[in-house]
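Novice: Generate coordinates for the sequence data below:
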Amino acid sequence: MKQLLHQLYELYAQAMYTAAYQILHESYAAEDAVHNAFLKISAHPENIGMPEEKRTRNYVLIIARNEAIRIYHQNQKMIPAEEFDETIPDLQDIELETESKETKYKIYKLICSLDPIYRDILLLKFYYDMEDSEIAETLSITLANARVRLHRARNRLKRRIREVYHHE
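Specialist: Coordinates of the predicted model:
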């Protein structure tokens, strides 16, 4: 187990740090997110595939990103929308009426507020730009299940967008 974690660290620590830093914009907080991610990864070795598999890479990046989001919420810091623009997924498929940075940031926050099962699939699809088959492999589900989940996640996001924008 120790050797596996060492391999994962060597392969992915920098990418994990980058993903966390894009959310937190603080080096110490990003380092904490990576550290916490490795603690979570080590607690569930059954979720780790071979170190160099794409599925493993995506798994560790999702854990790091989730830890960064948790730290962000814990610290209750506001990240300016213009700084977040590069980390926002391409949401053209969701047919948004406006492309402003503020709206993209709000959509990102809405995605992060969804249940993890829907949040992760939307981020894999739009943030990591993964194909449906890659998502299925990463989440260890069938292709059909990935497509159904993605469809449901989009619908939930659309519903949340309507709720927020029609009640502001």
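Novice: Run through this structure and note the low-pLDDT ranges.
Specialist: Along the chain, the parts satisfying pLDDT under 70 run over 76-104, 128, 167-168.
Novice: in it, which spans are strands?
Specialist: In the chain, no strands are found when defined by DSSP state E.
Novice: how's it carved up into domains?
Specialist: The domain map for the chain lists 1-77, 82-168, with the assignment taken from automatic domain parsing.
Novice: how about these in JSON lines, adding mean neighbour count?
Specialist: Yep, even glycine has a C-beta here, placed from its N, CA and C like the rest. Compiled in JSON lines, the domains of the chain are given as follows (neighbours: other Cβ atoms under 10 Å):
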{"stretch": "domain 1-77", "mean neighbour count": "17"}
{"stretch": "domain 82-168", "mean neighbour count": "16"}
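Novice: From Glu31, how far off is the residue lying closest to Met130 once chain neighbours are set aside?
Specialist: Spatial nearest neighbour of Met130, chain neighbours left out: Leu124 (4.9 Å); criterion: Cβ to Cβ, 6 or more residues apart in numbering. Taken as Cβ to Cβ, to the nearest Å, the spacing of Leu124 relative to Glu31 amounts to 24 Å.
Novice: Repeat that for Lys109.
Specialist: Counting by Cβ to Cβ, the gap from Lys109 to Glu31 is 24 Å.
Novice: and what of Phe38?
Specialist: Distance from Phe38 to Glu31, counting by Cβ to Cβ: 11 Å.
Novice: same check, this time on Ala15
Specialist: In this view, Ala15 and Glu31 are 14 Å apart by Cβ to Cβ.
Novice: Check Ala146 too.
Specialist: Counting by Cβ to Cβ, the gap from Ala146 to Glu31 is 32 Å.
Novice: swap in Arg152?
Specialist: Shown here: Arg152 relative to Glu31, a distance of 35 Å by Cβ to Cβ.
Novice: likewise Ala144?
Specialist: In this view, Ala144 and Glu31 are 40 Å apart by Cβ to Cβ.
Novice: go on, Asp115?
Specialist: As judged by Cβ to Cβ, Asp115 and Glu31 stand 28 Å apart.
Novice: what's the nearest residue to Ala146 if we skip its chain neighbours?
Specialist: If you skip the residues right next to it in sequence, Ala146 has Ala136 as its closest partner in space, 3.9 Å away by Cβ to Cβ, 6+ apart.
Novice: my guess is that neighbour contacts Asn145, does it?
Specialist: Yes - with the criterion set as Cβ atoms under 8 Å, Ala136 and Asn145 qualify as a contacting pair; they are 7.0 Å apart.
Novice: just the helices in this structure please.
Specialist: 2-24, 27-43, 54-75, 81-84, 101-113, 116-122, 132-139, 143-166 (DSSP state H).
Novice: Fine by me, thanks again.
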